[in-house]
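J.: sequence plus predicted model, see below.
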Amino acid sequence: MRADAARNLDAVLQTGARLLARDPATTMAVIAAEAGVDRRTVYRRFASREALLSAVYAAKLDAAEMVMDAVRLEEAPVAIALHGYVESIVPVSRRWPVDIRRMMQEDPEAEQRAEALRERLEAFMRRAADEGLIRQDLPAGWATALLGNMVDTMAHVFVDIEPGPAADLVVNSLLHGVG
């Protein structure tokens, strides 16, 4: 792919992610205009808004998989991997703001990939409990759900906090509470 075509594709995907997260009924013409490309450019690449949305989902999942691989959830020390995960996943959530729950309802392939990522994160959180960083008496999935909600809140509500300090706050809140 030529460099300009790659830039245009990235602009369309990121703009589509942002606009479709705000309003799922956003038209391809609006996305194209906001991305600074011709509508025909978008339609050459994506036959429909649903096809564009699937590509946005795939990009978000690709980025999340890269984060999980990079922070070595399975083998790095838990506290280091947890901080690295949060510090890296907050920018992914900011760049690809589409709702994971909606993604899982609308796209079966994305649902399978998202479920595999959730299972990896859940296994990591079980390891955190086994190693004493997280209480073992919590309901299954509770710590993972809290982590996901805190990351989502940090990514989309506290957008002025940089990823490093965001990770500090999320990890400290998860491991020590706010009381």
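T.: Okay, I see it. Numbers count the residues shown, from 1 in each chain.
J.: so how far is the lowest-mean-pLDDT helix or strand in the chain from its chain's centroid?
T.: None of the helices or strands of the chain scores lower by mean pLDDT, DSSP states H and E than helix 100-106, at a mean of 77. The chain centre lies 12 Å from the centre of helix 100-106; the measure is C-alpha atoms, centre = their mean, to the nearest Å.
J.: ok, and what's touching it?
T.: Applying C-beta atoms under 8 Å, 6 or more residues apart in numbering, the external contacts of helix 100-106 come out as 24, 50, 53, 57, 60, 110-111, 114-115. No exception for glycine: its C-beta is placed from N, CA and C like everyone else's.
J.: and the buried ones among these, selectable in PyMOL?
T.: Here is the PyMOL command that picks out the buried ones among the contacts of helix 100-106, judged by 16 or more other C-beta atoms under 10 Å:
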select buried, resi 53+57+60+110+114
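J.: let's have the contacts of helix 100-106 in a markdown table, adding pLDDT.
T.: Output for the contacts of helix 100-106, formatted as a markdown table (pLDDT from 0 to 100):
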| residue | pLDDT |
| --- | --- |
| Pro24 | 86 |
| Glu50 | 86 |
| Leu53 | 89 |
| Tyr57 | 91 |
| Lys60 | 94 |
| Ala110 | 88 |
| Glu111 | 89 |
| Ala114 | 91 |
| Glu115 | 92 |
